[in-house]
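**Student:** Here is a sequence with its predicted model. Questions after.
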Amino acid sequence: MKTPRRIFALLLGVIGAGCLTAVCVLLVGNAISDKQARDTLEAYRLSAQAIEDGSREESSPDDAPSQNESASDEDVLPEETQTAAQENASGDATEAPAAVVNPYRDSFLANEDMAAWLQIPGTNIDYPVMWTPRDENYYLYRDFEGNDNQNGSLILDTDSSLDPLTTNLIIHGHNMRSGEMFGNLTDYEDPDYCKEHSQILLYTEDCERIYEVIAVFRSQVYKKTDQVFKFYQFFQADTQEEFDDFYENIMALSLYDTGVSAQFGDRFLTLSTCVYHVEQGRFVVVAKETAQGDSYLPLTQ
């Protein structure tokens with residue numbers, strides 16, 4: 001009787017060792033995958049910084065006089081020339097600035113599925129945003145290069161559009177314990193944190209869009225039959241009534257007043273991640289577009 005038991009115990013040991021080995025291989029594989037994904041994104045971040053630095057250098061030539069340098073006698077213009085220059089400067093002030101090189105040109109060219117690059121200054125949220133209308137979930141567990149990755153990527157909702165631009169852009173991301181993706185988005189529950197990180201930047205293929213946080217709240221994905229406000233279904237406001245329904249609801253849900261208001265015609269950016277206060281819970285940060293930054297040259301130029 002002891003022999004069968006010993007064999008059974010041995011089999012259990014072998015199975016246990018095999019499972020442990022498989023888990024270790026999986027953990028190591030995930031760690032390698034995460035590192036490769038982080039290294040890839042860091043390379044594109046550095047590339048963007050280099051392009052931005054180069055643009056600043058071009059717009060500020062070394063031989064330009066500094067603000068602290070006084071003009072020499074030879075630099076002083078005749079009075080009538082000064083007047084003409086001032087009039088020209090006044091007229092130019094209303095003209096749009098010249099387009100510059102897109103700082104994320106390299107990442108746009110590397111993957112045509114990239115819709116934009118999202119950045120919240122002062123936080124770790126600094127990632128490409130993927131958009132695949134053919135399959136919204138394609139990057140749910142894939143990194144920028146399409147490799148399997150538990151962190152996935154930030155995803156622009158397929159019902160959102162940058163061209164033509166919809167009233168609301170919704171970006172989804174995993175709430176990772178490591179802090180990756182939208183793992184730290186819930187820090188916005190603290191109004192002081194929001195005040196320090198109220199600005200959100202979205203770099204699209206055409207331009208930089210600047211947003212300010214207007215509402216922060218918890219919600220959930222409801223059943224289709226539930227007659228309640230569903231933030232994840234708002235993409236376009238063609239009428240005052242459609243805008244009011246969205247605006248009044250997000251302001252009522254908001255955990256605190258951010259001091260930012262909106263009106264019909266404004267555009268929004270909504271960030272959404274999973275939370276677990278209820279089944280299918282969501283933590284949501286809504287921001288209003290307040291300005292447009294640089295306009296960009298065509299990617300291939």
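**Tutor:** Great, that's in hand. Numbering: from 1, shown residues only.
**Student:** And for Val228, the neighbour number?
**Tutor:** Other residues within reach of Val228, judged by other C-beta atoms under 10 Å, total 9. Heads up, the C-betas are built off the backbone N, CA and C, glycines and all.
**Student:** Apologies, that question was intended for Tyr256.
**Tutor:** The number of residues near Tyr256, taken as other C-beta under 10 Å, comes to 14.
**Student:** Please list all residues in contact with it.
**Tutor:** Tyr256 makes contacts with 191, 194, 216, as judged by C-beta atoms under 8 Å, 6 or more residues apart in numbering.
**Student:** now the second one: how far from Met130?
**Tutor:** Spelled out, it's Cys194. Going from Cys194 to Met130 by C-beta to C-beta, to the nearest Å gives 26 Å.
**Student:** and those two? which has more neighbours close in?
**Tutor:** The residue with more neighbours, out of Cys194 and Met130, is Met130; 24 against 18, by other C-beta under 10 Å.
**Student:** Closest to Cys207 out of the contacts of Tyr256?
**Tutor:** When these are ranked by distance to Cys207 (C-beta to C-beta), Cys194 comes first, at 25.1 Å.
**Student:** do you know how far that closest one is from Val216?
**Tutor:** Using C-beta to C-beta, one obtains 6 Å as the distance from Cys194 to Val216.
**Student:** Find residues that contact each of those two.
**Tutor:** Both Cys194 and Val216 are contacted by 188, 256, 258, under the criterion C-beta under 8 Å, 6+ apart.
**Student:** State the helix or strand in which the second one lies.
**Tutor:** Tyr256 belongs to no helix or strand when assigned by DSSP states H and E.
**Student:** Gln292 falls within a strand, correct?
**Tutor:** Yes. Counting by DSSP: H, G, I helix; E, B strand; the rest coil, one finds Gln292 located in a strand.
**Student:** hang on, the earlier thing: from the contacts of Tyr256, which land in strands?
**Tutor:** Among the contacts of Tyr256, the subset assigned to strands under DSSP state E consists of Val216.
**Student:** ok, the contacts of Tyr256 vs Thr3, which is closest?
**Tutor:** Proximity of these to Thr3, judged by C-beta to C-beta, is greatest for Val216, which lies at 66.0 Å.
**Student:** Tell me what that closest one is bridged to.
**Tutor:** Beta bridges link Val216 to Val285 when assigned by DSSP bridges.
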